[in-house]
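Enquirer: got a predicted structure here, sequence first:
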Amino acid sequence: MPSALTYFPPMGVYETLFKFLDATGQYMGTDGTHPWAQGFPLTSQLPGGPEMPTSISFSHSDLKYPQATGGIELLTALRDYYNHFYGADVSTDNIAVFAGGRPGIYATLAFLKPEYHVLIEETEYTPYWDALKILKRQHKIVPSNPDNGFRPSLADYQAAAQQDKSFVVKSNPCNPTGVTWQGDTLHQMVDWCSEEGRGGLIDEAYEFFQTGEPDSAMRHVKDIDQTNLFVVSAATKGLQAPGLRVGWVVASKANIELFRNFSSIAMGGVARPSQICTSLLLELDRAQHARKSVGEFYGSQRARYRQALEDLGFDLFTGDGGFYHWGRLPGGLTADDFNERLFAHHAAILPGTLCDMFRRGADSPLAKFVRFSFGPLTADTFDDDIKILRQALS
């Protein structure tokens, strides 16, 4: 019988995962595979990092329905985190908790008023395209390609906006490029998004993965209650806990009230044990420890793989954040052809075409680009990784 549902393909990363499964009979990330296409961090203790929890305590009362926008332990921990590290002035009423970062992003776009045009960079986090497509959101593309080194400016956003009401959707550090807006540049973007008729969603999943001291849009917000800014993050990356499925949005009290209403309709809150565990990960001394160790370990990995990939002939455009390298393959090889070679080694990368917000397929200028993830890799896999890459390129 034909399905009663409208078909939609899997999100780009999962498209690669399913192709890998078909080719190898294994799910990427299991023992013996090389998950260079996946965006998850190590969930074990990093060198010099804090211990990772392996158990939590909760009572029978924590098995009841959770509160719609989050439990007080996690809301308080998040409030204290942003106020302590970024000098923000937010209360627990400025925060909503979701089952991961993507549901918060999706909810924001779902309720965005239709007169707002989304501004999104040409090369961006693959599920943004899915959300815009499913929700039929009007959007304008901000150039981000080899011509500008994947480094658009605020002026590029302003040119795309023209006189329309505009809403920026941006990952910072950018997934896949690692390009990071910090300091004055980020401050200017926040100021512009705070103007009347403007807004923005700044996705800070890779906040800890920055060269030097991490920055956040929350450092630069004057009064979030007077803006349509939405700062999104999750336990997934910096807190090294993707399996908890906990994310959050910081926004004005009026907008958080809408998320509470949405949760009552569509989500029913987030599991209390996951929230309890996340609140412990955010304890301020531990968070400071994690920010430092994550930045140092992944910074060293970024530098190490950068040199090796360049030596192999990759033309890299990687920024100073995240745990990816973004670059063009040598010898005119396409990413899809490269993956076919890598599958034989039980390895895979994310093809650049899946980060193309125009979705131009094989005709995309990103067809020869790859996102190489070193997020799940321990330091001792480096030599084997480079050996496989060299063999696949030969």
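Expert: Thanks, I have it.
Enquirer: residues near residue 360, how many?
Expert: Using other C-beta atoms under 10 Å, residue 360 is surrounded by 12 other residues. C-beta coordinates here come from the backbone N, C-alpha and C atoms, glycine included.
Enquirer: ok, and the closest non-adjacent residue to it?
Expert: residue 353 (7.2 Å; C-beta to C-beta, 6 or more residues apart in numbering).
Enquirer: tell me which residues touch residue 319, please.
Expert: Shown in contact with residue 319 (C-beta atoms under 8 Å, 6 or more residues apart in numbering): 150, 151, 173, 174, 177, 178, 179, 180, 326.
Enquirer: select the longest helix from the chain.
Expert: helix 284-311 (DSSP state H).
Enquirer: which helices and strands sit right next to that one?
Expert: Secondary-structure packing of helix 284-311 (3 or more C-beta pairs under 8 Å, 6 or more residues apart in numbering; DSSP states H and E): helix 72-86, helix 272-281, strand 315-316, strand 324-328, helix 382-393.
Enquirer: again, only this time at 10 Å
Expert: Using 3 or more C-beta pairs under 10 Å, 6 or more residues apart in numbering; DSSP states H and E as the contact criterion, the elements in contact with helix 284-311 are helix 72-86, helix 272-281, strand 315-316, strand 324-328, strand 369-373, helix 382-393.
Enquirer: now do the strands in the stretch 51-200 of the chain.
Expert: Here the stretch 51-200 of the chain has its strands, by DSSP state E, counting those that start in this stretch, at 95-98, 117-121, 139-142, 166-171, 198-203.
Enquirer: report the buried residues of the last one.
Expert: With burial defined by 16 or more other C-beta atoms under 10 Å, the residues of strand 198-203 counted as buried are 198, 199, 200, 201, 202, 203.
Enquirer: which among those residues gets closest to residue 297?
Expert: Relative to residue 297, the closest of the buried residues of strand 198-203 is residue 203; by C-beta to C-beta it sits at 22.1 Å.
Enquirer: residue 256 and residue 92 touch, don't they?
Expert: Yes - Residue 256 lies in contact with residue 92 (C-beta atoms under 10 Å); the separation is 9.3 Å.
Enquirer: now the common contact residues for those two.
Expert: Jointly contacting residue 256 and residue 92 under the rule C-beta atoms under 10 Å, 6 or more residues apart in numbering are 69, 70.
Enquirer: of those two, give the one with the bigger neighbour count.
Expert: Between residue 256 and residue 92, counting by other C-beta under 10 Å, residue 256 is the more crowded of the two (24 against 16).
Enquirer: just the element for the more buried one, please.
Expert: Secondary structure from DSSP states H and E places residue 256 in helix 253-262.
Enquirer: buried among the contacts of residue 319? Make that a PyMOL selection.
Expert: To isolate the buried ones among those in PyMOL, judged by 16+ other C-beta under 10 Å, type:
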select buried, resi 150+173+174+177+178+179+180+326
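Enquirer: would TSV of the contacts of residue 319 with distance to residue 276 and pLDDT be doable?
Expert: As requested, those are arranged in TSV below (distance: C-beta to C-beta, whole Å; pLDDT from 0 to 100):
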residue	distance to residue 276	pLDDT
150	39	98
151	40	98
173	28	98
174	32	98
177	35	98
178	32	98
179	35	98
180	31	98
326	36	98
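Enquirer: of all the helices and strands packed on helix 284-311, which lies closest to residue 65?
Expert: Per C-beta to C-beta, nearest to residue 65 of the helices and strands packed on helix 284-311: helix 272-281, 9.0 Å.
Enquirer: now that closest one: buried residues?
Expert: Under the neighbour-count criterion of 16+ other C-beta under 10 Å, helix 272-281 has 272, 274, 275, 276, 277, 278, 279, 280, 281 buried.
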